[in-house]
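Chemist: got a predicted structure plus its sequence, pasted below:
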Amino acid sequence: MDVRRFVFPGIIVIYFFALWFLNQQQPYEAFPEGMPRTIAQGLFQLSLYYIPGVIAYLIFFRRRITPLSNIIVGMMVVVFATQLLLSLYFFLVHLGWNIQQAFFYLQDQQPPHWSEARLISIKQIGLALTAIPFSYFIYGITKGKYNYQVNHIPLVFPDLPEIFHGFKLLQISDIHSGSFDSMKGVKKGIQKISEQNADLLVFTGDLVNGRADEILPFAPHFAALRAPFGKYAVTGNHDYSSGGAYGDQEAWRANVQAVQDNYGKCGFELLNNRAVALTKEGETIYLTGVENWGKPPFPQYGDLNLALRDVPDDGFKVLLSHDPSHWDEKVLPHQSKVHLTLSGHTHGMQFGLNFKHFKWSPIQLVYPRWAGLYEEARQFLYVNRGFGWLAFPGRIGMYPEISVFELRRGGE
């Protein structure tokens, strides 16, 4: 049984129970009587209707991507999380109180009476604690989605051609240009890419959310990026979306072709099921790529055999493959060793904790390889958290990523 299909309905049931429970606790009573409490009560009541209101807005009105509309939608998640955390806090408080009451009852003692002042103090503590994640979430939907992080990853290979020792390869993934609401923010990320002075730039798919024209305002800025060994890319699952032409196969094919043409307008050469040889002073490494290959319902156009057809088995290989599930399903079992596979797709769910020695996100329930570096059988996979975002207009903890790999020879 696949429990994942019960996760979303379960969250909805838990949320509505939490909402009912929170309403019983009247958290606004933590504020002094008078105007402060009246304002707090009004905001609390408004929050109860905020999520249904935003859902109705999304259903009945066509949403335009603007900074304001993104904040409105992003606040839905902020309100959801805040209400859930407050409910959990009050639940634990009441659980502790009931356990205490039971303890005194079993000891045949009179339990202490909780005064009104004490209840207000407990509510104040809960509101103060909730303010921390609330601020964290607000940052995620305002600044966090353009808080580009440059990660430097040194990788050592015993069979890397000596002349490529110190070679810098830069990866971005999941641009999702249809979500952007700030040209300034995007240019900030592009500037950071340029500052790395990488030898090679690669992009691992999802140029758009669906429509081919989404990338056009940003294409000249990506096209301005330069690298001595070129710029290469592969397609992701969203690059095969209908672009709004549901059921119209001819329009779908035209949109897919336009997306691929727009890769060229961004200066990227597509490596869909093929390879190129990168030669330096007589030594060669092979950059190869596959079209999107993911587990259903995602398309499986990638053909690793075709991509490696003209690559020597003993050649040093870097593979671009959008979906990290392709690594376990096709790359690791393949007869030809692929030294480094670069993927994206997961976005780190745009939510989680990402520290040097610890990372967590709910997406790991679906993708065991979901962010960062993995190694197996002396082969590496790196999953990039993405340059843009999709659906939820923010990034909470899982900020956009620019990955810079330094290839080193050693470790014989």
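Modeler: Alright, I've got the coordinates.

Chemist: what about Asn305, how many residues nearby?
Modeler: By other CB atoms under 10 Å, 12 other residues sit near Asn305. Quick note: C-beta positions are derived from backbone N, CA and C, even for glycine.

Chemist: measure it to Leu287 for me?
Modeler: To Leu287, Asn305 is 17 Å away according to CB to CB, to the nearest Å.

Chemist: Arg253 too?
Modeler: Distance from Arg253 to Leu287, by CB to CB: 28 Å.

Chemist: same check on Gln249?
Modeler: In terms of CB to CB, Gln249 sits 33 Å off from Leu287.

Chemist: more neighbours: those two, which one.
Modeler: Leu287 (24 against 9).

Chemist: what strands flank the helix or strand harbouring the more buried one, and is each parallel or antiparallel?
Modeler: Element membership for Leu287, per DSSP states H and E: strand 283-289. Strand 283-289 pairs in its sheet with strand 274-280 (antiparallel), strand 317-320 (parallel), by DSSP bridges.

Chemist: and the ones you listed: which comes nearest Ala40?
Modeler: Across the strands paired with strand 283-289, Ala40 has its closest neighbour in strand 317-320 (51.9 Å, CB to CB).

Chemist: show me what secondary structure element comes after that closest one.
Modeler: helix 325-326.

Chemist: what's that next one in contact with?
Modeler: Helix 325-326 is contacted from outside by Val290, Trp293, Gly294, Lys295, Gly302, Leu304, Thr341, Ser343, Tyr367, Arg369, using CB atoms under 8 Å, 6 or more residues apart in numbering.

Chemist: show me what contacts Pro228?
Modeler: Counted by CB under 8 Å, 6+ apart, Pro228 has contacts Asp199, Leu200.

Chemist: quick one, phi/psi of it?
Modeler: phi -60, psi -40 (degrees, to the nearest 10).

Chemist: what's the spacing between it and Gly289?
Modeler: The gap separating Pro228 from Gly289 is 19 Å, by CB to CB.

Chemist: tell me the predicted confidence for the spatially most central residue of the chain.
Modeler: Central residue of the chain (CA atoms, centre = their mean): His347, 2.0 Å from the mean position. For His347, the pLDDT comes out at 97.

Chemist: SS state for Leu155?
Modeler: strand (DSSP: H, G, I helix; E, B strand; the rest coil).

Chemist: hmm, it is touching Thr341, no?
Modeler: No - contact between Leu155 and Thr341 fails when scored by CB atoms under 8 Å: they sit 11.7 Å apart.

Chemist: so for these two, which residue has more residues nearby?
Modeler: Thr341 (26 against 16).

Chemist: looks to me like the more buried one is in a helix.
Modeler: No - remark: Thr341 does not belong to a helix; assigned using three-state DSSP, it is strand.

Chemist: surely it is in contact with Trp327?
Modeler: Yes - applying CB under 8 Å, one finds Thr341 in contact with Trp327, separated by 5.2 Å.

Chemist: same for the helix or strand that the strand holding Leu287 is followed by, what does it pack against?
Modeler: Next in sequence after strand 283-289, counting helices and strands by DSSP H and E, comes helix 304-307. With contacts defined as 3 or more CB pairs under 8 Å, 6 or more residues apart in numbering; DSSP states H and E, the packing partners of helix 304-307 are strand 274-280.

Chemist: can I get the CA coordinates of the strand it packs on in PDB?
Modeler: Provided in PDB are the C-alpha atoms of strand 274-280 (Å, rounded to 0.1, in the frame of the first residue of the first chain):
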ATOM      1  CA  ARG A 274      23.400  12.700 -26.700                       C
ATOM      2  CA  ALA A 275      26.900  13.600 -25.600                       C
ATOM      3  CA  VAL A 276      29.700  16.100 -26.400                       C
ATOM      4  CA  ALA A 277      33.400  15.600 -25.900                       C
ATOM      5  CA  LEU A 278      35.100  18.400 -24.000                       C
ATOM      6  CA  THR A 279      38.800  18.400 -25.000                       C
ATOM      7  CA  LYS A 280      41.700  20.200 -23.300                       C
END
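
Chemist: just put the strands paired with strand 283-289 in TSV and tack on mean pLDDT.
Modeler: Output for these, formatted as TSV (pLDDT from 0 to 100):
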stretch	mean pLDDT
strand 274-280	97
strand 317-320	98
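
Chemist: ok so, going back, spit out the contact partners of the residue nearest to the centre of the chain.
Modeler: Here His347 is in contact with Asp174, Ile363, Arg385, Gly386, Trp389, Leu390, Met398 (CB under 8 Å, 6+ apart).

Chemist: now neighbour count and distance to Phe164 too, for these, in TSV please.
Modeler: Output for those, formatted as TSV (neighbours: other CB atoms under 10 Å; distance: CB to CB, whole Å):
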residue	neighbour count	distance to Phe164
Asp174	26	27
Ile363	18	33
Arg385	29	26
Gly386	27	27
Trp389	27	34
Leu390	15	35
Met398	28	31
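
Chemist: before we move on, back to that, let me see the mean pLDDT of the strand holding Leu287.
Modeler: Rounded mean pLDDT across strand 283-289 is 98.

Chemist: can I take it that Gln41 is in a strand?
Modeler: No - Gln41: not assigned to a strand; according to three-state DSSP it is helix.

Chemist: how about it, what does it touch?
Modeler: Counting by CB under 8 Å, 6+ apart, Gln41 makes contact with Tyr28.

Chemist: swap in the one 10 residues further on?
Modeler: Going by CB under 8 Å, 6+ apart, Ile51 touches Met76, Val79, Phe80.

Chemist: confirm Leu169 sits in a helix?
Modeler: No - counting by three-state DSSP, Leu169 is not part of a helix but strand.

Chemist: show me the contacts for it.
Modeler: Ala198, Asp199, Leu200, Val202, Val318, Val404, Phe405, Leu407.

Chemist: in strands only, show me those.
Modeler: In strands, judged by DSSP state E, the following of the contacts of Leu169 are found: Leu200, Val202, Val318, Val404, Phe405, Leu407.

Chemist: who wins on neighbours among those?
Modeler: Val202 (27 neighbours).

Chemist: report the contact partners of it.
Modeler: The neighbourhood of Val202, defined by CB under 8 Å, 6+ apart, consists of Leu169, Leu170, Gln171, Ile172, Lys231, Tyr232, Ala233, Leu287, Leu320, Leu342.
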